[in-house]
Every structure is written in C-alpha cells, then in structure tokens.
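Peer 1: Here is a sequence together with a model predicted from it:
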Amino acid sequence: AQSVTQLGSHVSVSEGALVLLRCNYSSSVPPYLFWYVQYPNQGLQLLLKYTSAATLVKGINDFEAEFKKSETSFHLTKPSAHMSDAAEYFCAVSTGTASKLTFGTGTRLQVTL
Amino acid sequence: EAGVAQSPRYKIIEKRQSVAFWCNPISGHATLYWYQQILGQGPKLLIQFQNNGVVDDSQLPKDRFSAERLKGVDSTLKIQPAKLEDSAVYLCASSLGGGPDEQYFGPGTRLTVT
C-alpha cells in the first residue's frame, strides 16, 4: 500500500520568505511523487513530478522538490513567496504502471505582507 | 488545447435523490479518472477508465455510485440515492496513458446533499 503524509495543514509565510511544505511517503516499491496546487474553486494543477530521474525536480513558478529516499521525503520549496502562491498544496504518490494517485490531506499556504 | 470540462459546477439535492455528473476529457486522452474530494481532505480515486474499460473501481461505493464511459470519450458519474456524506467536490481528470503520466483535472462539481 502507498500513502503520503503532509505535515502541517496550514503554513503561513511572509511575502519574499522561503516556502517549505513537507511531504513524507510510504511505498513498498519505488514511487512516483507529485505536487499539485489547487486554487479556490478550481481543479488541481501539476507543479512538478518525480519519476526516478534526477532527485532534484524543478517545477513551474520557481517551485522545486527533492526526493530523499533515506528520509522517504519529497518536500516542496520556493525561495521567495509571492502573494499569488496562496493556495492548497497536495502531495501525491503512485507506483509502477498503475496511475492511481494517493493524495495527502493537503497544506494550505497563506502568504502575508 | 481545451482542458477537462465538467458540468454542472454546483448541485444541491436532498438526500435519497439521484444526481449525475458529466465529464469531457482532453481530446486523445485514453485514461479518465473520477475523484471525490471531501472538505478538508485530499482527493480520493473513485474509478479509473482506460478507454472504455474499468481499470480500478475498488473505492467506488457500488451500491449507490455508478459510472460509465461510452465510446471511450465522455463519462458520467451517478449517485442514487444520495446520502449526506456524499457532499463533496467530484473531480474528473484525464491523462494520455497510465503510469506517471500527468493527470489534468477539471474544475470539479460541488455537490451539497441536504
């Protein structure tokens, strides 16, 4: 069975500060890992994904995440937060040829002036 | 490129009534998914289609939920009869194939059961 745990249901940062959203996964086989963003009343949009190539993955809007097998983590970072980054962020995992995504419970990012 | 389309965007029904949701995936995408997102939770896969066939419906409450994908394109998800706990956003997504292919999500249908 596969699962993800997102630490912190709410994260608040100041505009211009570092964004760090935490995700830990559990999988018995090598995983594929994803970060999605959801703006209010919209569907999910893919930020980035790890598919066993480079462990440091760069995504859209200057987001990046690093796959750390030893820590079973896939934390999302952004060097400088912008007001437009305020949204809900979901970490997800899938394995093998199955494309079923298992999502975490989400982290709501608030960006303050 | 047009995205995944869903309708209606909002629906309010009373418990024990029935409701149907419609999804039109991105053209050429073979795989279609229906997710249920309850407030405060991440999306949960209800059913996955590969063309016309069902790949995974292990989390679909089959006593009240049904879904079909005719001709491997559009899909409908039906709930009959609805319960209060079915209040959620129902998201449709599509991808070119399976595996780690990116899933593209529609805007969702927000269902309120009173």
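Peer 2: Great, that's in hand. None of these values were measured; they are calculated from a predicted model. Residues are numbered from 1 along each chain as shown, chains lettered A, B, ... in the order given.

Peer 1: Contacts (any at all) between chain B and the helix or strand encompassing residue A:12?
Peer 2: Applying DSSP states H and E as the criterion places residue A:12 in strand A:10-14. No - if you take CB under 8 Å from any CB of the partner chain as the test, strand A:10-14 misses chain B, and the best it gets is 11.2 Å. Where you see a C-beta, it was placed from the backbone N, CA and C, and this is true even at glycine.

Peer 1: strands paired with that strand, and their directions?
Peer 2: When pairing is defined by DSSP bridges, strand A:10-14 lines up against strand A:107-112 (parallel).

Peer 1: now the partner strand, how far from the chain's geometric center?
Peer 2: With CA atoms, centre = their mean, to the nearest Å as the basis, strand A:107-112 stands 13 Å off its chain's centre.

Peer 1: ok, how many other residues are close to residue B:78?
Peer 2: Other residues lying near residue B:78 total 14 when counted by other CB atoms under 10 Å in any protein chain shown.

Peer 1: Just say helix, strand or coil for it.
Peer 2: Classification of residue B:78 using DSSP: H, G, I helix; E, B strand; the rest coil returns strand.

Peer 1: Which pLDDT value goes with it?
Peer 2: pLDDT, residue B:78: 98.

Peer 1: Hmm, it is touching residue B:17, no?
Peer 2: No - in this structure residue B:78 lies outside contact range of residue B:17 using CB atoms under 8 Å: 11.5 Å.

Peer 1: Wait, residue B:83 touches residue B:14, no?
Peer 2: No - between residue B:83 and residue B:14 there is no contact under CB under 8 Å: 10.8 Å.

Peer 1: Low-confidence regions, chain A specifically.
Peer 2: When residues are selected by pLDDT under 70, those of chain A lie in A:96-98.

Peer 1: Could you tell me which residues of it lie near chain B?
Peer 2: Neighbours of chain B within chain A, by CB under 8 Å from any CB: A:32, A:36, A:41-46, A:49, A:51, A:90, A:92, A:94, A:96-106.

Peer 1: Just the ones of those in strands?
Peer 2: Using DSSP state E, the members of the residues of chain A next to chain B that fall in strands are A:32, A:36, A:44-46, A:49, A:90, A:92, A:94, A:102-103.

Peer 1: Please identify which pair of those lies farthest apart.
Peer 2: The span of those, defined through CB to CB, is set by A:45 and A:102 at 18.2 Å.

Peer 1: Looking at those two, which is more packed in?
Peer 2: residue A:102 (21 against 16).

Peer 1: Most neighbours among the ones in strands among the residues of chain A next to chain B, which one?
Peer 2: Using other CB under 10 Å as the neighbour test, these are led by residue A:44, with 29 neighbours.
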